[in-house]
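**Student:** Would you be able to build a 3D model of this:
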Amino acid sequence: QPVGDPASLGRGLLRPRTLLSFAFALTILVFFIRRMNLDLGAVIDNIRSASIPFLILAVLVYLGTIILRAARWRWMLRLAGAGSIPGTTVPPVGYLAAVLLVSWFFNCILPAKLGDAYRIYRIKVDDGIRYSIGFGTVLGERVIDLIVLVIMLAISAIVAFHGNMPQDATRALYVGVGLSILAVIGLIMVFAFRNYITDRLPLRFRNQWQSLQESVFVNLRNPTVPAILSVFIWAMEAGRMFLVAKALDVHIGFEMAIFVGLMAALLTTLPFTPAGLGVVEVAMVSVLKLAGVPVDLAGSVAFLDRIITYWGLIAVGALVYIYLLKWGTRKPAEPVGS
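**Tutor:** You can find the predicted model right below:
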């Protein structure tokens, strides 16, 4: 079946790996709640009394990040040749935003960021964009996003903790720096040995490989627009966290909101649980507690934020997925090939 086909992704829900990842996430949450003596009743009461206007603003800011991500992806697709290659079209921003929502829906219910495969599949079916180009733009986007995220995370950590970072914050930063270094080393190796790899691939795979690496490196050679958009995206992610805290009358500085929001975003990239379920909540509560926020309020901030970015995303993403499945194809589907 084609890569990213919804039917194959749906079957992934019942695979042992998926079930184990959810069990692992649940185990982390239960263990942490007991160890921290988190009062779930108090957390629920806090969430119920949250300020609706601030929550609405937080949701709107979050939706704004999706629009910016879609605009960035469209720019990268165009740079990689979408629209200029015969038989391809450049998807509109609104449509790409819907595709992103569905891909995140799959990321929330499947481990290892498998929702990205849906993104690539959708633009192949609807816009004739090769898998290799789609994957190349997603890979380039991830690398730029990660590097910008780690830089902003490091700056916010230094400012928020005045250079005296707690152990949990330091670990999160080490994870980000480590991932960035691995990504850069991997890209350098691919670039250095690209011709060597091409010569040793079977003929039927050479065009795909050439298209893949060209779509990655053409964007990495022109990173200004995606990087600027990434800065705005991550700043808005921090703004969402700040508004969620405000909704619960939790007073944290914007620099702390930046650190917590970006740390949560970084941890969602880890493939152990779907969208970092369990890991993100634990890390958010730990850091907020170190910042002087009472544990029940810290838990309230973490769970309310995840209602927006995880559980709410599942609900909205499922509805958008159903819409795209039934009415969202913009033109008759083409045969799915390379």
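
**Student:** Distance from stretch 28-36 to the middle of the chain?
**Tutor:** Mean-position distance between stretch 28-36 and its chain equals 25 Å (CA atoms, centre = their mean, to the nearest Å).

**Student:** what's the answer for stretch 94-110, then?
**Tutor:** That offset, for stretch 94-110, works out to 10 Å (CA atoms, centre = their mean).

**Student:** swap in stretch 29-44?
**Tutor:** The answer for stretch 29-44 is 26 Å, by CA atoms, centre = their mean.

**Student:** Show the contacting residues for G115.
**Tutor:** Shown in contact with G115 (CB atoms under 8 Å, 6 or more residues apart in numbering): L9, V102, S103, W104, F105, F106, N107, C108. Every residue, glycine included, has its C-beta placed from N, CA and C.

**Student:** For stretch 270-283, give the mean pLDDT please.
**Tutor:** Stretch 270-283 shows a mean pLDDT of 83.

**Student:** That one: how far from the chain's middle?
**Tutor:** Distance, centroid of stretch 270-283 to centroid of chain: 12 Å (CA atoms, centre = their mean).

**Student:** Kindly report the same for stretch 183-192.
**Tutor:** Counting by CA atoms, centre = their mean, stretch 183-192 comes out at 22 Å from the chain centroid.

**Student:** Rounded mean pLDDT for that stretch, please.
**Tutor:** On average, stretch 183-192 scores 89.

**Student:** List the buried residues for that stretch?
**Tutor:** Using 16 or more other CB atoms under 10 Å as the test for burial, stretch 183-192 gives A183, L187.

**Student:** Could you measure from A42 over to N164?
**Tutor:** Remark: distance between A42 and N164 (CB to CB, to the nearest Å) = 30 Å.

**Student:** quick one: which of these two has more around it?
**Tutor:** Between A42 and N164, A42 has the larger neighbour count (other CB atoms under 10 Å), namely 15 against 7.

**Student:** which element is the more buried one on?
**Tutor:** Secondary structure from DSSP states H and E places A42 in helix 40-48.

**Student:** now swap in G136 and tell me
**Tutor:** Under the criterion of DSSP H and E, G136 resides in helix 131-161.

**Student:** Poorly predicted segments of the stretch 201-338 of the chain, please.
**Tutor:** Scanning the stretch 201-338 of the chain with the threshold set as pLDDT under 70 gives 328-338.

**Student:** chain center to stretch 230-245, what's the gap?
**Tutor:** 14 Å.

**Student:** for that stretch, which positions count as buried?
**Tutor:** 230, 233-245.

**Student:** Can you tell me which of those is closest to Y174?
**Tutor:** W234 (18.7 Å; CB to CB).

**Student:** so the closest one, which of the three states?
**Tutor:** Classification of W234 by DSSP: H, G, I helix; E, B strand; the rest coil places it in helix.

**Student:** Check V287 too.
**Tutor:** helix.

**Student:** Run a quick neighbour tally on it.
**Tutor:** 25.

**Student:** And for W327?
**Tutor:** So W327, with other CB under 10 Å, has 7 neighbours.

**Student:** Likewise for P294?
**Tutor:** P294: 12 neighbours (other CB under 10 Å).

**Student:** What separation is there between it and I252?
**Tutor:** 12 Å.

**Student:** Ok, S49 next?
**Tutor:** 18 Å.

**Student:** swap in G115?
**Tutor:** Applying CB to CB to G115 and I252 gives a distance of 30 Å.

**Student:** Apart from its neighbours in sequence, what residue is nearest S300?
**Tutor:** N46 (3.8 Å; CB to CB, 6 or more residues apart in numbering).

**Student:** tally of neighbours for the one you found?
**Tutor:** 21.

**Student:** dump the residue contacts of P274.
**Tutor:** Applying CB under 8 Å, 6+ apart, the residues near P274 are T18, S21, F22, A25, N107, C108, I109, L110, P111.

**Student:** before we move on, what about T269?
**Tutor:** Contacts of T269 by CB under 8 Å, 6+ apart are K113, L146, L179, G276.

**Student:** which pair in those spans the largest distance?
**Tutor:** L146 and G276, at 14.5 Å, using CB to CB across these.

**Student:** ok, back up a step: does anything pack onto the helix holding G136? Which helices or strands?
**Tutor:** Judged by 3 or more CB pairs under 8 Å, 6 or more residues apart in numbering; DSSP states H and E, the packing partners of helix 131-161 are helix 52-79, helix 115-127, helix 167-192, helix 203-220, helix 224-247, helix 254-267.
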